[in-house]
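*Asks:* Compute the structure for the input listed below.
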Amino acid sequence: MKHVAVLLLAGFALVAPARAQDNPLATPQQIALDKLAVGVFAEPAVQAQLDFVTHSFAADPYANTGEGQATLPAAAREVMFAAVVDTINRDPARPALQWLWSPAHAWFGTTVPASKVLMPNVDNVFRIMPVDGVSHYRITATPQGPIPTQFSIQLLPALPAEAEWSKVIQELVDTDIVKAPDGSFVLSIGPEAQAGQTNHIATTPDAHFILIRDTIQNWHTETPYRLTVARLDGPLAAAPLTKEVLATQAAALLHQIVPRIQQAKGGGFANAPGFFSGPANQLTSPTIREGGRWGLSSSGHFHLADDEALVVTLDPMGAKYLAVQLASAWLGSLDYVHHTASLNLAQMRPNADGTITAVIAARDPGVCNWLDTTGLHDGSIFVRWQQLPAKLAANAQGVRSISLLKLGALPAALPRVTPAERLAQQTARATDYARRFADRPTAAN
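*Replies:* Below is the predicted model:
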């Protein structure tokens with residue numbers, strides 16, 4: 001059956017259908033963690049941080065604009081909820097697999113706010129699992145149909161926005177993993193050295209998290225792996241933390257997340273260089289992303305009048321995955337479910353020479369590869385190339401061109417769409433993304 005996403009006016013939350021296919025993300029652990037997150041978010045210790053986050057954002061010159069003022073309250077609350085979801089699953093003696101950094105949605109009687117802060121890849125299903133440096137764990141992965149375009153797993157000392165979060169202790173990607181004939185695989189996690197072992201992650205005393213990415217390029221067919229985790233041994237578990245203690249920890253974490261946003265934004269809150277600082281309507285040269293083995297990225301920010309468009313031509317450079325996504329000036333991902341605020345290789349029409357031209361605009365320019373700013377005139381841009389060839393061509397140039405044009409001056413050669421085709425594009429997009437929220441739980445992990 002088809003799964004239809006429904007808009008709730010308060011929060012644009014996706015509502016999953018009552019009947020759907022077996023969903024590898026809708027586990028009892030995930031449902032419990034979502035309910036816990038909503039409960040912790042309501043705690044006074046978290047809500048008391050609203051003034052801190054709001055005042056921090058208000059220091060940005062963007063907050064003095066009408067658009068900045070209008071979007072600041074929702075951005076502040078999204079950052080607050082992100083701190084909560086980053087806090088509630090940190091017990092290595094109870095290693096739950098948690099899906100996080102997702103759009104707002106409602107399922108299993110819980111309305112879950114958005115937590116897509118710092119522009120997490122909209123095509124990724126991110127799952128985390130806490131670990132320590134002494135216990136042994138086992139992750140079992142089973143395909144549920146067409147597999148993701150890319151699967152990667154990293155061992156980290158911290159989550160995004162925390163100190164040393166970008167340090168990758170170890171990383172496995174698709175090509176490192178030995179699979180069974182049916183595509184399934186088992187990963188061992190423990191303090192033993194990696195030498196001579198396959199499908200093994202060697203923990204260290206400063207290792208605290210496993211971060212798993214299923215990169216879903218074709219939203220209509222690709223499905224995240226079903227993952228189960230077992231802790232095989234280790235120290236006895238302490239009593240679970242109460243909601244009140246978790247709320248206090250989330251409040252403290254906010255004082256790390258907000259400065260991280262300030263640093264990444266640059267030239268705004270902190271008046272310092274960052275990923276999105278520099279002249280408007282430009283993109284940086286592609287650089288290696290964290291981990292160093294699985295992608296390049298480019299970033300920038302747009303500043304558009306209502307009748308303007310930013311035309312960007314990209315060279316895939318042989319990458320199996322290429323995507324562009326937009327975010328607000330607060331670095332919160334836009335509504336990419338119901339708008340084309342992100343586009344990847346499966347969603348864009350290429351040029352005759354294999355390059356990709358996308359058009360960023362606040363109004364529909366009538367072209368196929370429209371990156372919809374959802375009406376915003378200021379915001380952030382992030383481009384990702386993944387699964388690149390081992391050696392790039394000598395003349396490889398990821399960003400071929402970027403130019404600011406009037407809507408009426410767009411190149412005539414750009415593929416066009418009719419209003420009916422645009423509606424079909426948006427409807428299919430929302431329907432395909434809603435597969436991730438199919439309202440039927442899987443067996444317990």
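*Asks:* Just the mean pLDDT for stretch 263-280, thanks.
*Replies:* Mean pLDDT, computed over stretch 263-280, is 64.
*Asks:* That one: end-to-end distance?
*Replies:* 17 Å (C-alpha to C-alpha, to the nearest Å).
*Asks:* Next: stretch 219-228.
*Replies:* 23 Å.
*Asks:* What of stretch 198-216?
*Replies:* End-to-end distance for stretch 198-216: 25 Å, by C-alpha to C-alpha.
*Asks:* Buried ones in that stretch, by neighbour count?
*Replies:* If you call a residue buried by 16 or more other C-beta atoms under 10 Å, then stretch 198-216 has these buried ones: 199-203, 207-216. To be clear about C-beta, it is placed using only N, CA and C from the backbone, and glycine gets the same treatment.
*Asks:* from these, which is closest to residue 126?
*Replies:* residue 213 (6.1 Å; C-beta to C-beta).
*Asks:* and the closest one, what element?
*Replies:* Using DSSP states H and E, residue 213 sits within strand 209-215.
*Asks:* which SSE is residue 309 in?
*Replies:* Secondary structure from DSSP H and E places residue 309 in strand 308-314.
*Asks:* Which helix or strand lies directly C-terminal to that strand?
*Replies:* strand 321-327.
*Asks:* Can you check what angle separates that following strand from strand 209-215?
*Replies:* Here strand 321-327 points in a direction 110 degrees away from that of strand 209-215 (axes from the mean of the first three to the mean of the last three C-alpha atoms, to 10 degrees).
*Asks:* pLDDT of the next helix or strand after strand 321-327, averaged?
*Replies:* Next in sequence after strand 321-327, counting helices and strands by DSSP H and E, comes strand 342-344. Computed over strand 342-344, the mean pLDDT rounds to 98.
*Asks:* what packs against strand 342-344?
*Replies:* strand 321-327 (3 or more C-beta pairs under 8 Å, 6 or more residues apart in numbering; DSSP states H and E).
*Asks:* which residues touch the strand it packs on?
*Replies:* The contact list for strand 321-327 (C-beta atoms under 8 Å, 6 or more residues apart in numbering) reads 119, 121-123, 149-150, 215, 217, 302, 312, 314, 316, 333-334, 336, 341-345, 356, 358, 360, 371-373, 379-387.
*Asks:* Likewise for stretch 92-102?
*Replies:* By C-beta under 8 Å, 6+ apart, stretch 92-102 touches 25, 27, 29-30, 33, 82, 85-86, 88-89, 112, 114-117, 120, 125-132, 135, 137, 208, 212, 227-229, 231, 234-238, 240, 436, 445.
*Asks:* one more time with 7 Å, if that's ok
*Replies:* Applying C-beta atoms under 7 Å, 6 or more residues apart in numbering, the contact partners of stretch 92-102 are 25, 29-30, 33, 85, 89, 115-116, 120, 125-132, 135, 137, 227, 229, 231, 234-235, 237, 445.
*Asks:* Also stretch 58-78?
*Replies:* 50, 53-54, 57, 113-115, 117, 268-269, 328-330, 332, 376-378.
*Asks:* mind redoing it with 6 Å?
*Replies:* Residues outside stretch 58-78 that contact it (C-beta atoms under 6 Å, 6 or more residues apart in numbering) are 53, 54, 57, 114, 268, 269, 328, 329, 330, 332.
*Asks:* Look up the closest residue to the fourth one, ignoring the ones flanking it.
*Replies:* The shortest distance from residue 114 to any non-neighbouring residue, by C-beta to C-beta, 6 or more residues apart in numbering, is to residue 104 (4.2 Å).
*Asks:* And for that neighbour, the neighbour number?
*Replies:* By the criterion of other C-beta atoms under 10 Å, residue 104 has 20 neighbours.
*Asks:* got it, and residue 372?
*Replies:* Counted with other C-beta under 10 Å, residue 372 comes out at 25.
*Asks:* any idea how far residue 307 is from it?
*Replies:* For residue 372, the distance to residue 307 equals 16 Å [C-beta to C-beta, to the nearest Å].
*Asks:* and if you look at residue 193?
*Replies:* Relative to residue 307, residue 193 is positioned 61 Å away (C-beta to C-beta).
*Asks:* quick one: average confidence on the helix or strand harbouring residue 71?
*Replies:* Secondary structure from DSSP H and E places residue 71 in helix 66-85. Across helix 66-85, pLDDT averages out at 97.
*Asks:* which stretches of the stretch 51-200 of the chain have low pLDDT?
*Replies:* Per-residue confidence for the stretch 51-200 of the chain (pLDDT under 70) gives these ranges: 164-165, 195.
*Asks:* can you give me the strands in it?
*Replies:* For the stretch 51-200 of the chain, the strands defined by DSSP state E, counting those that start in this stretch cover 98-100, 105-107, 110-112, 124-130, 136-142, 150-156, 170-173, 185-190, 200-202.
*Asks:* Parallel or antiparallel, list what pairs with the third one.
*Replies:* Each strand that pairs with strand 110-112, with its direction, by DSSP bridges: strand 105-107 (antiparallel).
*Asks:* next one: the fourth one
*Replies:* When sheet partners are counted by DSSP bridges, strand 124-130 sits next to strand 98-100 (antiparallel), strand 209-215 (antiparallel).
*Asks:* Let's have those in CSV, adding distance to residue 37.
*Replies:* Formatted as CSV, the strands paired with strand 124-130 follow (distance: least, C-beta to C-beta, whole Å):
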stretch, distance to residue 37
strand 98-100, 9
strand 209-215, 17
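*Asks:* out of those strands, nearest to residue 414?
*Replies:* Among these, strand 209-215 comes nearest to residue 414, with 27.0 Å by C-beta to C-beta.
*Asks:* Extract the CA atoms of that closest one and return them as PDB.
*Replies:* Extracted as PDB, the C-alpha positions of strand 209-215 are listed here (Å, rounded to 0.1, in the frame of the first residue of the first chain):
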ATOM      1  CA  PHE A 209      29.400   6.300  20.700                       C
ATOM      2  CA  ILE A 210      28.800   4.300  17.600                       C
ATOM      3  CA  LEU A 211      27.300   6.400  14.800                       C
ATOM      4  CA  ILE A 212      25.600   4.600  11.900                       C
ATOM      5  CA  ARG A 213      24.600   6.200   8.700                       C
ATOM      6  CA  ASP A 214      22.300   4.600   6.100                       C
ATOM      7  CA  THR A 215      22.400   7.000   3.100                       C
END
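*Asks:* Could you list everything residue 322 pairs with in the sheet?
*Replies:* residue 385.
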